[in-house]
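Colleague: After the sequence you'll find the predicted model.
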Amino acid sequence: MTERTLSIIKPDAVAKNVIGQIVARFEGAGLKVVAARLTQLSQADAEAFYAVHKARPFFKDLVSFMISGPVFVQVLEGEGAILKNRDLMGATDPKKAEKGTIRADFADSIDANAVHGSDAAETAANEIAFFFPGMQIHSR
Ligand code: RTP
Ligand code: MG
């Protein structure tokens, strides 16, 4: 099934100047970028985006990391895009991420872990609407 998912290249990976290398992984796996922008999240944006984690002990660190520099936000489209993106990303903790995954190759720590990806159909729809509200996104 053709799906859409939200991907964020996080501040650590943007600072390392590897946006292109990460997008190439998506493209190499057959995912297409159908919307994209570089943006600086405010504290309120980051808190709202990661609201599901509000009660978790890592929430404060997560929010301060996500606002520490610009992020590159994209909508990826393709067959099974949600799971495909999660597979390309690798495990949350780069030490546990499989060889050849984005987090194994580009992430430094569980906090600075290079990428975000939606984890299910419902969160993908909500996250796409969060970053690209009311926008007509064209398939390609
Ligand atoms: P993401 O939402 O960013 O794609 O990451 P994920 O699904 O792999 O992991 P999730 O459980 O949703 O956690 C969101 C982010 O919070 C940080 N985290 N820290 N110290 C910890 O135990 C811990 N657990 C999660 C990570 O930066 C993770 O990406
Ligand atoms: Mg998550």
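Modeller: It's in. Residues are numbered from 1 along each chain as shown. Ligands and ions are numbered 1, 2, ... in the order given.

Colleague: can you tell me which residues contact T2?
Modeller: By CB atoms under 8 Å, 6 or more residues apart in numbering, the contact list for T2 reads 77-79, 81, 139. Glycine gets a C-beta too; all of them are placed from N, C-alpha and C.

Colleague: Show me those residues that map onto helices.
Modeller: Secondary structure from DSSP state H places A81 of the contacts of T2 in helices.

Colleague: What is the nearest of the contacts of T2 to T5?
Modeller: A81 (4.6 Å; CB to CB).

Colleague: give me the number of residues near that closest one?
Modeller: A81: 27 surrounding residues under other CB atoms under 10 Å.

Colleague: that older thread, which of the contacts of T2 lies closest to ligand 1?
Modeller: Ligand 1 lies nearest to A81 out of those, by CB to the nearest ligand atom, at 14.1 Å.

Colleague: That closest one contacts L31, correct?
Modeller: Yes. Assessed by CB atoms under 8 Å, A81 is found in contact with L31 at 5.8 Å.

Colleague: Get me the contact residues on this protein for ligand 1.
Modeller: For the chain, the residues in contact with ligand 1 (CB under 6 Å from any ligand atom) are 53, 58, 62, 92, 110-111, 113, 116-117, 119.

Colleague: Report pLDDT for the closest residue to F106 other than its chain neighbours.
Modeller: Sequence neighbours aside, A114 is the residue nearest to F106 in space, at 4.4 Å (criterion: CB to CB, 6 or more residues apart in numbering). Looking at A114, its pLDDT is 98.

Colleague: low-confidence ranges in this protein?
Modeller: Counting by pLDDT under 70, the chain contains no low-confidence range.

Colleague: What segments of it are strands?
Modeller: 2-9, 32-39, 71-79, 115-117 (DSSP state E).

Colleague: For F131, which of the ones you listed is the nearest?
Modeller: strand 71-79 (4.9 Å).
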